[in-house]
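Student: Turn this into a model:
(chains A and B)
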Amino acid sequence: MGAYIVRRLAYTAVTLWGLILITFLLTRIVPGDPARLAAGPQARQDQVEQVRKTYGLDKPLWVQYGIYMKRLMQGDFGKSLWFKRPVLEDLRVYFPPTVELSLCASILFIVFGVPLGIMSAVRRNSFLDHTARLFSLGGLSMPVFVLGLILQLIFYRFLNWFPAGGRIDAFISPPTHITGLYILDGLFTANWSALASALYHLILPAVTLAYGSLGVVSRMTRASLLEVLGEDYIRTALSKGLPERVVFLRHALRNALIPILTVTGLQIGSLMGGVLLVEIIFSWPGLGTYAYTSVTVLDVNAIMAVTIITGLIYTGVNLVVDILYTAVDPRIRYS
Amino acid sequence: MIKGLRILERFFHPSKNPLGFFGALILVSVGLGALLAPLLAPYSPYAVQTAVRLQPPSSVHLFGTDDLGRDLFSRVLFGARISLYASLVIIGISLTLGTAVGTVAALVGGWLDDLLMRITDSFLSFPYLIFAMLVAAVLGPSLPNSMLAIAVTWWPWYARLARGQVLSVKGQLYIEAARAIGVARSGLFFRYFLRNALSPLIVQATLDVGSAILLTSSLSFIGLGAQPPTPEWGAMVSAGRLYLMSYWWVPLFPGLAIFITVLGFNLIGDSIRDFADPRTQR
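Tutor: The predicted structure follows:
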């Protein structure tokens, strides 16, 4: 078990290093000129050179890489070329809203997706199954940015039940900063009006973000359960007279869990992609909005930081899932 | 032949497989729409008519008109061509690249296999939208560049699949038999390896067309793909977003076009998967 985790950790480290290298090379070989963009369109050539020098963009590629890696190891992401301040400071501001949104969406898609898949599998080929499958497939087929617009149209424009964007009402001050997540901070400081307003703003973007993953998870749950339900040991269990409920919960569901777990992990990770579009639609001041800005102005340090952070979360979640496997399936530990 | 027809009949039968039938119906309509766009479209997708700006859907303009008075129905029809074309190119490039890398890794093995697989893993450790966005931004915003960006993020999936396939085929008895009776190396490779290893890859690629359309339109929506006035669905949603609250049809119809087309691909894909996998049949 220990050896398994160590091996997984080593793999993850290599993968992450590869990710950093790929991003680094990509951002340095850009045909556009980051220094020119940062200096502004009216800047004279010597001013552009000055910017290039300040950010070390004039040095050979491998020297730049060495400096970057050394700083990164000390937790320093460098300075943003656009906002002209340390990227780390920006991350402190933009990261918590994204975490809040993604966590909320994850809870939604797990709580609704898994039961939907179970229901579908148990009542296979019924009208209920077909409806649930169509609904799940809808999640896979619906572009998040279209869903976001449709929800805004229905729930803001026509019904006026929810706000169209933002994190909190303009006239309510955010709760005292503890975690940066308004929901948690509101709870901790018993600031109910801020909590209510934050929840109210969170619902539409969270639902928009969750729908796609909900489709994936419910489909995987259905498929995985159906496969297990076709196994001989299920027939054995049923034919020796065990109640269906016991067979289902103890024999089937438990064995179906691994693929469900994998997909859930992957989905939590890939929310980091969808969140970008959702944040743009709902003017959510998070990492997606930040990434969008930095990409359009080729802010190399900011782009690097966002990619590293999202890659870290993505691989981190998958690592946790892999380690959870060993708890669910003891066979993995010994192989 | 007769057997194939029977399978098809069962596959697309409205009452035996309602979802598959529905999907086939969608895809046939979208395909015909794309193919016959110049004949079916009542207006040119680029024709600006400022006199009829932002008209609601009517019998004259089925989907209404946009802020420049262009007929949205015609634009959505032409958009089908772009989306189908883009997704096929993306899948083609990534499938070729992925198969090449995966096959080499599996056949050569050793340190090269390790190296190629670590590179593949590194590519897979980005959420793909972020990665595609990064590459598209680096290459500069345009439709071909965004297609390339998506292909660059996509090939590792096929590389992994191809490697697994080749490895499993490698151990099969018929390969050993072919080698024993003296089949030449090139014949062994093309006739036996690739043909047997490739079929699951091609199935997977077919299933991925919907996702490729989704990604292409997402990049265009962010402004990193097709640029206006191209009638690309994602770009149309992006430009029409400003009019959502008062003239909802402008972003809504291109958006629904993406949804319905991708749904069609996914419905078909789902049926194929269910059909092909005997384990899920009870």
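Student: which residues touch stretch A:116-129?
Tutor: A:132-133, A:135-136, A:214, A:217-222, A:225-226, A:229, A:248, A:253, A:260, B:282 (CB atoms under 8 Å, 6 or more residues apart in numbering or on different chains). C-betas here are computed from N, CA, C, even on glycine.
Student: And these, which of them are buried?
Tutor: A:132-133, A:136, A:214, A:217-222, A:225-226, A:229, A:248, A:253, A:260 (16 or more other CB atoms under 10 Å in any protein chain shown).
Student: so where's chain A shaky on pLDDT?
Tutor: Applying pLDDT under 70 to chain A picks out residues A:1, A:30-32, A:330-335.
Student: could you point out the longest helix in it?
Tutor: helix A:192-229 (DSSP state H).
Student: circling back: let me know the closest of the buried ones among the contacts of stretch A:116-129 to A:A39.
Tutor: Nearest to A:A39, judged by CB to CB, of the buried ones among the contacts of stretch A:116-129 is A:L214 at 45.6 Å.
Student: where's the closest one relative to A:I260, distance?
Tutor: Separation of A:L214 from A:I260 (CB to CB, to the nearest Å) stands at 13 Å.
Student: got a list of what residue 214 touches?
Tutor: In the absence of a named chain, chain A is used. Here A:L214 is in contact with A:L108, A:F109, A:F112, A:G113, A:L116, A:S136, A:G139 (criterion: CB under 8 Å, 6+ apart).
Student: try again with chain B
Tutor: So B:L214 contacts A:S141, A:P143, B:I258, B:V262 (CB under 8 Å, 6+ apart).
Student: Figure out the helix or strand that it lives in.
Tutor: If you go by DSSP states H and E, B:L214 is part of helix B:195-222.
Student: Report all helices and strands that whichever helix or strand comes after that helix contacts.
Tutor: Per DSSP H and E, the first helix or strand lying C-terminal to helix B:195-222 is helix B:233-240. Helix B:233-240 makes packing contacts with helix A:144-152, helix B:72-108, helix B:195-222, helix B:249-276 when contacts are defined by 3 or more CB pairs under 8 Å, 6 or more residues apart in numbering or on different chains; DSSP states H and E.
Student: of all the ones you listed, which lies closest to A:F77?
Tutor: helix B:195-222 (22.8 Å).
Student: hmm, the host helix or strand of B:P144 touching chain A?
Tutor: Counting by DSSP H and E, the element that carries B:P144 is helix B:143-170. No - shown here: helix B:143-170 not in contact with chain A (CB under 8 Å from any CB of the partner chain), separated by at least 9.6 Å.
Student: Show me what that helix packs onto, helices and strands only.
Tutor: helix B:72-108, helix B:110-124, helix B:128-139, helix B:195-222.
Student: Whatever helix or strand comes next after it vs helix B:195-222, what angle?
Tutor: Counting by DSSP H and E, the next helix or strand C-terminal to helix B:143-170 is helix B:173-180. On the basis of axes from the mean of the first three to the mean of the last three CA atoms, to 10 degrees, helix B:173-180 is oriented at 120 degrees to helix B:195-222.
Student: from the middle of its chain, how far away would helix B:173-180 be?
Tutor: Averaged C-alpha coordinates place helix B:173-180 at 36 Å from its chain's average position (CA atoms, centre = their mean, to the nearest Å).
Student: Please apply the same query to stretch B:121-129.
Tutor: 18 Å.
Student: is chain A contacted by it?
Tutor: Yes - using CB under 8 Å from any CB, stretch B:121-129 comes into contact with chain A via B:D121, B:S122, B:F123, B:S125, B:F126, B:P127, B:Y128, B:L129.
Student: Wait, A:D329 touches A:I258, no?
Tutor: Yes - with contact defined as CB atoms under 8 Å, A:D329 counts as touching A:I258 (5.8 Å).
Student: dump the residue contacts of A:M142.
Tutor: Contacts of A:M142 (CB under 8 Å, 6+ apart): A:Y211, A:G212, B:F259, B:V262.
Student: picking that back up, among the residues of stretch B:121-129 next to chain A, which one has the most neighbours?
Tutor: In terms of neighbours by other CB atoms under 10 Å in any protein chain shown, the residues of stretch B:121-129 next to chain A top out with B:F126 at 28 neighbours.
Student: In terms of helices and strands, where is that residue?
Tutor: B:F126 belongs to no helix or strand, assigned by DSSP H and E.
Student: Just list the residues touching it, thanks.
Tutor: B:F126 neighbours (CB under 8 Å, 6+ apart): A:L19, A:T307, A:T310, A:G311, A:Y314, B:L134, B:T153.
Student: List the buried residues for the helix or strand hosting the first one?
Tutor: Translated: A:L19. Counting by DSSP H and E, the element that carries A:L19 is helix A:2-28. Across helix A:2-28, burial judged by 16+ other CB under 10 Å covers A:4, A:12, A:15-16, A:18-20, A:22-24, A:26-28.
Student: what do you get for stretch B:243-251?
Tutor: Buried, per 16+ other CB under 10 Å, within stretch B:243-251: B:Y243, B:L244, B:Y247, B:W248, B:W249, B:V250, B:P251.
Student: Return the item of these having minimum pLDDT.
Tutor: By pLDDT, B:L244 ranks lowest within these, coming in at 86.
Student: tell me which of the buried ones among the contacts of stretch A:116-129 is nearest to A:Y156?
Tutor: Nearest to A:Y156 among the buried ones among the contacts of stretch A:116-129, with distances taken as CB to CB, is A:L214, at 21.8 Å.
Student: If we ignore the residues flanking it in sequence, what's nearest residue 113?
Tutor: If you meant another chain, say so; for now it's chain A. Of all residues not flanking A:G113 in the chain, A:V217 sits nearest, at 3.5 Å (CB to CB, 6 or more residues apart in numbering or on different chains).
Student: My question was about chain B, not that one.
Tutor: B:A105 (4.5 Å).
Student: Tell me how many other residues crowd residue 238.
Tutor: Here I'm looking at chain A. Using other CB under 10 Å, A:L238 has 16 neighbouring residues.
Student: um, chain B though
Tutor: B:S238 has 23 nearby residues by other CB under 10 Å.
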